[in-house]
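# got a structure for you, letters missing:
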DNA sequence: CTTGACCTTGACATGATGGGAAGGTGCACG
DNA sequence: CGTGCACCTTCCCATCATGTCAAGGTCAAG
């Protein structure tokens, strides 16, 4: 199976497959006599595994660990759970940051007329670092 | 005022001030005879403006627009509100994606023993793309 | 044999930021 | 005046995951 077919089958672009190979996330693929990379069912599983982990937002470093655990028959599920837990916390932290930003910006936006006049609390806040009126 | 002092006063690193100058986000700073960049109160305001906008997660492109509007005395607040609204939507979309990932991962994690045994629904899901048991 | 689709490697870009090297400048202290 | 130190300058490289482009080789069908 060529790289294009592997890409289509797993949803990982050919570019990224080569990239993952280059950074050592996956082993070097076999080659045909003319240098084409060849993929088998086992490789496809690995690539699919990677894509699903990426879809869940795992970083390459985390995926590297998960792959190791996945291939380790004697793994402890606690290790996997720990990695997942760390990732969940990272994502929750990002959400908190986003939530704070959204809240601030929505508040400012709510106080902005949004008309043709030039006065705008959003810009005022950005300019001075304090709310323009004493609304809160 | 030197770049280091401007950096400390505004919370934008010297490195980033030079970068912003290079990409044309801010005008070229004045120079002393020996080539040191010099900053005045007006420059400090601009840099503080940029830092606050960055803290709110605005992209450089959005900040570029906001800066233009800020310096345009005849601006319409509607324009600012539109940029802010677009940014809010972007952030909310990111939050939705994160929320989905967190939910999926927490669900999997809840079904993982987290002990010394090797069987782990998290890895199963990543490997097969389907839940290992028929729990839902 | 040609054509077109596919493969190869390699280089470069993104966006925002950090790190570091090599060399010039400013100032205080002895 | 010299020395040392903190600061400045420019330039290059790295991150992270991904995309784009270019120049050239390969394969299969017509």
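Received the coordinates, thanks. Bear in mind that the values here come from a model prediction, so they are computed numbers and not experimental data.

# CA only for contacts and neighbour counts going forward, please
Will do.

# distance from the chain centre to stretch A:59-79, please.
18 Å (CA atoms, centre = their mean, to the nearest Å).

# that one and DNA strand D in contact?
Yes. Using CA under 7 Å from any atom of the strand, stretch A:59-79 comes into contact with DNA strand D via A:59-61.

# near chain B at all, that stretch?
Yes. Using CA under 8 Å from any CA of the partner chain, we find that stretch A:59-79 touches chain B at A:66, A:70, A:73-79.

# again, but for stretch A:30-42
No. Using CA under 8 Å from any CA, stretch A:30-42 stays clear of chain B, coming no nearer than 11.0 Å.

# residues in contact with that stretch: which ones?
Contacts of stretch A:30-42 with the rest of the structure, by CA atoms under 8 Å, 6 or more residues apart in numbering or on different chains, involve A:1-3, A:6, A:29.

# who wins for most neighbours among the residues you listed?
Neighbour counts for those peak at residue A:6, which has 23 neighbours (criterion: other CA atoms under 10 Å in any protein chain shown).

# tell me what residue A:37 is bridged to.
Taking DSSP bridges as the rule, residue A:37 bridges to residue A:31.

# can you give me the pLDDT of it?
Note on residue A:37: pLDDT of 96.

# ok, residue A:97 next?
89.

# ok, of the residues of stretch A:59-79 next to chain B, which one's closest to residue A:108?
residue A:66 (42.7 Å; CA to CA).

# so that closest one, which of the three states?
Under DSSP: H, G, I helix; E, B strand; the rest coil, residue A:66 falls in the helix class.

# wait, what's in contact with the residue nearest to residue A:10 when sequence neighbours are not counted?
With sequence-adjacent residues excluded and distances taken as CA to CA, 6 or more residues apart in numbering or on different chains, residue A:10 is closest to residue A:48, at 5.1 Å. Contact partners of residue A:48, counting by CA under 8 Å, 6+ apart, are A:10-12, B:126-127.

# among these, who's most crowded?
Busiest of those [other CA under 10 Å] is residue B:126, holding 24 neighbours.

# quickly find the element holding it.
Using DSSP states H and E, residue B:126 falls within helix B:121-128.

# which elements pack onto that helix?
helix A:41-55, helix A:77-110, helix B:77-110 (3 or more CA pairs under 8 Å, 6 or more residues apart in numbering or on different chains; DSSP states H and E).

# I'd like to know how far the residue located most distally from the centre of chain A sits from residue B:71.
Distance from the centre of chain A peaks at residue A:117, with 40.9 Å (CA atoms, centre = their mean). From residue A:117 across to residue B:71, the span is 14 Å (CA to CA, to the nearest Å).
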